[in-house]
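# Just the structure for this:
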Amino acid sequence: LTRGADVIILDEPTAVLTPQETRRLFEILENLRKDGKSIVFISHKLNEVMEISDRITVMRQGCFIGTVDKQDTSPSDLARMMIGREVFLDIKKEKADIGDVVLEVKDLWTSGEKEISKIRGVSMEVRAGEIVGIAGIDGNGQSEFIEAITGLRKVEKGCVILGGTEITNFSPKKSREAGLAHIPEDRNTRGLNRTMTIRENLVAVQDDKSPFAKGIMVNDSASYPFAKEMAEKFDIRPRDTEIPTSSLSGGNAQKVVVAREVSIGGKLLVASQPTRGVDIGAIESIRTILQDVKKKGLGVLLVSADLEEIMSLSDRIVVMYLGKIVEVADSRALYDEPLHPYTKALLSAIPVPDIHNTKKRQVLEGEVPSPIHKPSGCAFHNRCPHCMEICKQQDPALAVQNMENGHMVACHLYAEQQKKVQEAQTG
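Just a heads-up that it's a prediction; the model follows:
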């Protein structure tokens with residue numbers, strides 16, 4: 001822009017942006033368009049493409065498929081052009097058949113990469129047959145929380161219980177043996193050994209157990225047919241499981257991780273950013289797999305920066321801000337009536353692929369908290385449009401707001417109603 005460019009090309013510019021940052025970028029792009037600049041916006045996020053574009057060109061496997069005007073198409077039409085078939089991203093969410101508690105986290109405290117991402121007294125549970133989603137802008141403690149549960153980060157206080165067995169500070173290997181499967185957020189550093197073949201990666205967490213172990217060697221007579229079966233079942237391409245995973249596309253590499261973790265069964269599947277950086281076909285496949293895991297009776301703990309994904313897949317949603325839970329509700333209640341000001345701002349930032357949409361977006365004002373110093377009182381008070389004096393002094397507790405659906409929120413705005421609920425509960 002400083003060189004007077006008239007054409008601006010942006011390649012996946014929102015890949016690592018928060019919803020609010022994406023919203024701000026779109027406002028800038030709209031102003032540039034009004035100033036007469038030509039903008040090429042490259043993305044696989046269809047709702048964003050529908051919101052920002054005037055005309056849309058689709059390419060598939062290096063070939064031009066077609067160009068359409070925004071008002072003449074829809075996300076489903078674009079997906080069909082991209083993949084060559086009907087794509088179902090809005091997975092039909094069947095009613096959860098809720099079972100016993102498989103994961104219980106009690107008053108968990110752990111260190112963070114930054115002061116504001118430290119986990120402070122988090123308690124939650126996941127039941128068999130349900131998907132619990134953790135929502136929030138990246139950097140608010142989601143990664144640290146998952147690492148603490150899966151044995152990748154030391155728990156300083158509190159406990160993690162899996163299927164009735166305490167696994168606090170278990171190694172990742174011992175956690176797996178207790179029944180925990182984990183799709184890590186970075187497949188390249190923690191999900192795969194990119195120098196190893198597809199087959200070797202698929203059996204990597206089971207190669208010391210029957211039928212894959214043969215002394216100190218891997219039993220090829222068991223691993224070869226298993227890898228072939230997984231490649232077929234999870235549509236890993238190419239089907240040749242003897243090629244290194246470094247040669248795979250992002251989507252197929254992620255399918256290897258998902259196939260391995262889902263195949264080991266257990267009690268709980270922790271899925272952290274399972275569709276980040278993959279194509280739309282892989283997104284459809286992975287979302288369907290997570291629903292299938294839920295139907296089989298496992299608990300699923302899902303972390304995703306994609307709010308649409310969280311809303312689409314989750315039965316219950318936990319909203320996290322600066323290392324603490326600020327709201328918990330079933331997905332429908334949270335969508336219809338979010339309570340915490342942070343949750344409202346998050347949901348309002350979801351792109352809506354409707355050219356007639358007039359939905360008002362809530363922009364978070366105020367200063368972004370320092371990575372070193374957590375604000376006093378309620379951590380959100382310096383960005384909250386409803387801030388009161390008590391918010392600056394006292395951190396609100398997470399409490400039940402609605403007895404009928406168990407909707408919980410940590411906000412002083414609802415203190416009076418929560419007091420009535422507590423009185424009713426104690427009789």
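# next one: phi and psi at the spatially most central residue of the chain?
The centroid of the chain falls nearest to residue 304 when counting by C-alpha atoms, centre = their mean (0.9 Å). Torsion angles at residue 304 (phi, psi; degrees, to the nearest 10) stand at phi -150, psi 140.
# Buried residues in stretch 77-92, which are they?
Residues of stretch 77-92 classed as buried by neighbour count (16 or more other C-beta atoms under 10 Å): 78, 79, 80, 81, 82, 87, 89. The way it works is simple: take the backbone N, C-alpha and C, and place the C-beta from them, glycine included.
# Of all pairs in those residues, which one is the farthest apart?
Spatially, the most separated pair among these is 81 and 89, at 14.0 Å (C-beta to C-beta).
# what's in contact with stretch 24-38?
For stretch 24-38, contacts defined as C-beta atoms under 8 Å, 6 or more residues apart in numbering pick out 1, 5-8, 10, 13-14, 17, 39, 41, 48, 51-52.
# Now, those that are in helices?
Mapping the contacts of stretch 24-38 onto helices (DSSP state H) picks out 48, 51, 52.
# gap between the residue lying closest to residue 15 once chain neighbours are set aside and residue 386?
Computed as C-beta to C-beta, 6 or more residues apart in numbering, the closest residue to residue 15 that is not its neighbour in sequence is residue 277, at 7.0 Å. Taken as C-beta to C-beta, to the nearest Å, the spacing of residue 277 relative to residue 386 amounts to 36 Å.
# These two: which is more packed in?
For residue 277 versus residue 386, neighbours defined as other C-beta atoms under 10 Å are more numerous around residue 277 (17 against 11).
# now the helices: where do they sit in the stretch 1-150 of the chain?
Per DSSP state H, counting those that start in this stretch, the stretch 1-150 of the chain carries helices over the ranges 19-34, 46-52, 75-83, 142-150.
# which of these is buried the deepest?
Of these, the one with the most neighbours on average (mean count of other C-beta atoms under 10 Å) is helix 142-150, at a mean of 24.
# Please point out which parts of the following helix or strand past it sit buried.
Next along the chain after helix 142-150, taking DSSP states H and E as the criterion, comes strand 155-162. In terms of neighbour count (16+ other C-beta under 10 Å), strand 155-162 has its buried residues at 155, 158, 160, 161, 162.
# same check, this time on stretch 260-279
Result for stretch 260-279 [16+ other C-beta under 10 Å]: buried residues 260-263, 266-279.
# Restricted to helices, list those residues.
If you go by DSSP H, the buried residues of stretch 260-279 have 260, 261, 262, 263 in helices.
# can you redo those residues as CSV with pLDDT?
Output for these, formatted as CSV (pLDDT from 0 to 100):
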residue, pLDDT
260, 97
261, 96
262, 95
263, 93
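# quick one: contacts for residue 373?
By C-beta under 8 Å, 6+ apart, the contact set of residue 373 is residue 115.
# again, but for residue 77
With contact taken as C-beta under 8 Å, 6+ apart, residue 77 is in contact with residue 68.
# what's the answer for residue 400, then?
406, 407, 408, 418, 421, 422, 425.
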